[in-house]
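1. Generate coordinates for the sequence data below:
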Amino acid sequence: MENKRYYGIDIGGTTVKIGLFEGETLVKKWSVPTDTSNGGANIIGDIIASLPGPAAGAALAVPGAVLPDGTVNRCVNLGWGVCHPAEEFTEKTGIPCRVLNDANAAALGEQRLGGGQGFESVLFVALGTGVGSGVVLDGHLHVGARGSAGELGHLIWDPTDAAAACTCGHHGCLEQYCSATGITRLAAQAGVPGLSCYDVVTRAAAGDKTLEAVVDKATDILGWGIAGACAVIDPEAVVLGGGVAQAGEYFRAKVQASFDKYAFHACLGTKMYLATLGSDAGLTGAALYAMDGRK
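-> Numbers count the residues shown, from 1 in each chain. As a prediction, this is how the structure comes out:
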């Protein structure tokens, strides 16, 4: 009998989330701590030790750039340099394994089984500590020649903004304004320090004019960035995920309005939806990516 079990593995800086799928159905999920000691050398072994048995395939979602040939080009949060974790996994288990960026995994999960279900081409934007994004075109991930397709967070809004230094080395990147970190930074600049992003958005929705101006700036910049991306890839839909998007319809509607203001006229029918898979998006997309590798 054909083995239809697949592992979707989402490797984060503190926790590895693992899902066992039978076809597209998640039947079990669990987690193991991410051991970043010794350059992350124990991570793959710890994952393998937790697995309940063989499978037809697996995929690893990782917080870093992944080249089309499966080479991981550094994952700073894991302690990894240039490496080949999928090869290590297969050598130790005999299970065919693929690897992809974690935002791309979430994009695939949301497009197939989440907020983008029913659309073949989706731009997924994850708003958390940073701004991650992934592109699915005609039902397949588009990762680009260097694995960096969809790096929406590093579009530069204001290169002269010395207060918005980005970890990529530039200034004024979109994620310095639209991520959870960026929104709390804008609130502090507006004279309201010490709030979480959730607090900023919640208080803005409740009528706090100072914080509403902060949210308006963040969503204006985000809508501008999404409009630019849509002018290039022309997706059927945009899905907003990550912690910031959990602010719900209030936040989504503001981003949609900003997008409509900036969008190329032919893209004006593009609608935005909220993600529905939550923290399971990455492991779900990884499992789907493993299944795609068997086709």
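2. Who are the contact partners of Gly150?
-> Contact partners of Gly150, counting by CB atoms under 8 Å, 6 or more residues apart in numbering, are 103-104, 107, 123-124, 133-135, 142-144, 229. C-beta coordinates here come from the backbone N, C-alpha and C atoms, glycine included.
3. What sits closest to Cys166 if chain neighbours are left out?
-> Closest residue in space to Cys166, ignoring its immediate chain neighbours: Cys173 at 4.1 Å, by CB to CB, 6 or more residues apart in numbering.
4. For that neighbour, what are phi and psi?
-> For Cys173, the backbone dihedrals are phi -70, psi 150 (criterion: degrees, to the nearest 10).
5. Neighbours of it, how many?
-> 29 (other CB atoms under 10 Å).
6. From what I see, it and His154 are in contact.
-> Yes - between Cys173 and His154 there is a contact under CB atoms under 8 Å: 4.9 Å.
7. residue closest to the middle of this structure?
-> Ala103 (2.7 Å; CA atoms, centre = their mean).
8. and it, what helix or strand is that in?
-> Applying DSSP states H and E as the criterion places Ala103 in helix 102-113.
9. thinking again about what came up before, quick one: contacts for the residue nearest to the centre of the chain?
-> Contacts of Ala103 (CB under 8 Å, 6+ apart): 124, 126, 132-134, 150.
10. before we move on, the earlier item: any shared contact partners between Cys173 and His154?
-> Between them, Cys173 and His154 share the contacting residues Cys166, judged by CB under 8 Å, 6+ apart.
11. if you go through this protein in chain order, where are the helices?
-> Applying DSSP state H to the chain gives helices spanning 37-40, 43-50, 85-93, 102-113, 175-178, 180-189, 197-205, 209-233, 242-245, 249-262, 281-292.
12. Which one of those lies nearest to Ala162?
-> Of all these, it is helix 175-178 that lies closest to Ala162, at 11.2 Å by CB to CB.
13. what does that closest one contact?
-> Contact with helix 175-178 is made by 127, 130-131, 153-154, 157, 161, 164-166, 181-183, 185-186, 217-219, 221-222, 225, 244, as judged by CB under 8 Å, 6+ apart.
14. my guess is Gly191 meets Thr210, correct?
-> Yes - if you go by CB under 8 Å, Gly191 and Thr210 touch, sitting 6.9 Å apart.
15. Between the two, which is the more surrounded one?
-> Taking other CB under 10 Å, Gly191 and Thr210 do not tie; Thr210 has more neighbours (13 against 7).
16. Tell me who's in contact with Gly269.
-> By CB under 8 Å, 6+ apart, Gly269 has no neighbours at all.
17. Now do the phi/psi pair for it.
-> The phi/psi pair for Gly269 (degrees, to the nearest 10) is phi -80, psi 0.
18. pLDDT at it, what is it?
-> Looking at Gly269, its pLDDT stands at 91.
19. again, but for Gln117
-> 96.
20. doesn't Leu108 make contact with it?
-> No - between Gln117 and Leu108 there is no contact under CB under 8 Å: 11.7 Å.
21. Give me the more crowded residue out of these two.
-> Using other CB under 10 Å as the criterion, Gln117 and Leu108 rank with Leu108 on top: 32 against 15.
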